[in-house]
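Following is a predicted model, sequence given first.
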Amino acid sequence: MKKIACITIAFVLILSVCFAAINSLTGKWAGPVTLPGNKPFQLGYNFKVDSGKLTGTALTPAGEVNITDGMINGDDFSFNVPVPNGNAPHTGKLYADSIALHFVYEGQHLAATLKRTN
């Protein structure tokens, strides 16, 4: 009986940690990136995680747009940002105090580190 109780407690703790990681992506994040043509740009995202689905908005050179196809798996996540002539696919990893973000924009692979702004 004690063994079952210990296994159950361990399982609940592991799930709690997983859900804490998923929920910690929710919020506003920002950071600098250099776009093609050596143009500096301040990235901005407002993420929401609900039942393992990632939604939110992204600040683009054309203004704020809704992200699409958002998915999250533990600390890893992905989504698309609609841009002229298609989508900019994004992948990222959540860390304790930052996000490592990789994306393709105008055919170039770019990377940025984002910090929470709220």
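Structure received.

need the contact list for residue 66.
Counting by Cβ atoms under 8 Å, 6 or more residues apart in numbering, residue 66 makes contact with 55-58, 82. Where C-beta positions appear, they are placed from N, C-alpha and C, glycine not excepted.

Kindly report the same for residue 41.
Taking Cβ under 8 Å, 6+ apart, one finds 32-35, 61 in contact with residue 41.

any chance of these in TSV, plus secondary structure?
Formatted as TSV, those follow (DSSP: H, G, I helix; E, B strand; the rest coil):
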residue	secondary structure
32	strand
33	strand
34	strand
35	strand
61	coil
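
now that we have those, which one has the most neighbours?
Ranked by the number of neighbours (other Cβ atoms under 10 Å), the contacts of residue 41 place residue 33 first, at 17 neighbours.

For the closest residue in space to residue 107 that isn't next to it in sequence, grab the count of nearby residues.
In space, residue 107 comes closest to residue 36 once its chain neighbours are excluded; the distance is 7.8 Å by Cβ to Cβ, 6 or more residues apart in numbering. Residues within reach of residue 36, counting by other Cβ under 10 Å, total 10.

got the phi/psi numbers for residue 36?
Residue 36 has phi and psi values of phi -50, psi 150 when expressed as degrees, to the nearest 10.
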